[in-house]
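Engineer: after the sequence you'll find the predicted model.
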Amino acid sequence: MNQEKQSIERQRVALDECKRFSAAVVSNLKLLPIDIMKRHVASLFVATMLDHYCSIIHLFGEERYDFSISAFVLVRPIIDSAFRGVWIANFAKDEEIDSVLTANGYEVLKKINPGMLYGLMKKQFNIDDSLQDHFKEDWKSVHGFVHTGTEQLKQRVGAIRSRTYPYEKVIAALVMSSQYVMVGSVYVAYAQNADVALSISEAHDNLRRQVVIVQTDKSKSHMVN
């Protein structure tokens, strides 16, 4: 099997595993009650995160047209939704939660920064620094994808191409998206039910065992060259 066929097969596996993971997340989150305002607002962020995630899977899986430019744009909203859901579920004050769905909601949400949130998560959940280190690298690329930065433009340079992004970068984007879906889902769920959080974490571990990212000169494990 030549290199391109191997990459196509790895992408197919990645897409299938992401579909399984999204189904596992949804089925587990359905076990959680939405009986108070905090849980209701957190669930809205998680639902939005999952909508973006399923859209990425669909766009990357489209065979007739190449929608990868649009798919990459959705990675950052996944990260935003994940962090905001975690903050609402675990750290926000009641008055802040009540404000989120009002005209002043943006003023509340813009106060959430990853450095502050990681500090809170590290203290409450005893997480290590690896997630924060990943985020620092990932944010460099996802910000540019949303605002048509250099990385997006570089993929358009030259003659008409059959693919905008290499297969390995698509796989890396799927893995990155899955990581933040796991973070958002696990730490929102953990506020209510540790067993549900563990089940989601195990589903993500299974995805990572099945999905292979091959690092090449043209395609690194994260999405920015």
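Structural biologist: Looks like it came in fine. Numbering: from 1, shown residues only.
Engineer: buried ones in the worst-scoring helix or strand of the chain on mean pLDDT, by neighbour count?
Structural biologist: Least confident helix or strand of the chain, by mean pLDDT, DSSP states H and E, is helix 150-154 with a mean of 74. Neighbour counts over helix 150-154 (16 or more other CB atoms under 10 Å) mark 151, 152 as buried. Backbone N, C-alpha and C define where each C-beta goes, glycine included.
Engineer: chain center to the following helix or strand past it, what's the gap?
Structural biologist: Using DSSP states H and E, the next helix or strand after helix 150-154 towards the C-terminus is helix 167-189. Its chain's average C-alpha position is 4 Å from that of helix 167-189, according to CA atoms, centre = their mean, to the nearest Å.
Engineer: and the contacts of the next helix or strand after helix 167-189?
Structural biologist: Next in sequence after helix 167-189, counting helices and strands by DSSP H and E, comes helix 194-210. For helix 194-210, contacts defined as CB atoms under 8 Å, 6 or more residues apart in numbering pick out 13, 17-18, 20-21, 24-25, 28-29, 31-32, 175, 178-179, 181-182, 185-187, 189-190.
Engineer: contact partners for the residue positioned nearest the centre of the chain?
Structural biologist: Residue closest to the mean C-alpha point of the chain, counted by CA atoms, centre = their mean, is residue 177 at 3.0 Å. Residue 177 makes contacts with 18, 52, 53, 56, 74, 75, 78, as judged by CB under 8 Å, 6+ apart.
Engineer: state the distance from it to residue 63.
Structural biologist: Noted for residue 177: a distance of 20 Å to residue 63, by CB to CB, to the nearest Å.
Engineer: which stretches of the chain form strands?
Structural biologist: With DSSP state E as the definition, the chain shows no strands.
Engineer: can you point me to the longest helix in it?
Structural biologist: Ranked by number of residues, the top helix in the chain under DSSP state H is helix 3-29.
Engineer: buried ones in that one, by neighbour count?
Structural biologist: Applying 16+ other CB under 10 Å to helix 3-29 flags 7, 10-11, 14-15, 17-18, 21-22, 24-25, 28-29 as buried.
Engineer: min pLDDT across the residues you listed, which one?
Structural biologist: Minimum pLDDT for those is recorded at residue 7 (89).
Engineer: not counting sequence-adjacent ones, nearest residue to it?
Structural biologist: residue 167 (3.7 Å; CB to CB, 6 or more residues apart in numbering).
Engineer: okay, now that neighbour: neighbour count?
Structural biologist: 22 (other CB atoms under 10 Å).
Engineer: show me where pLDDT drops low in the protein?
Structural biologist: Applying pLDDT under 70 to the chain picks out residues 1, 156-163, 215-225.
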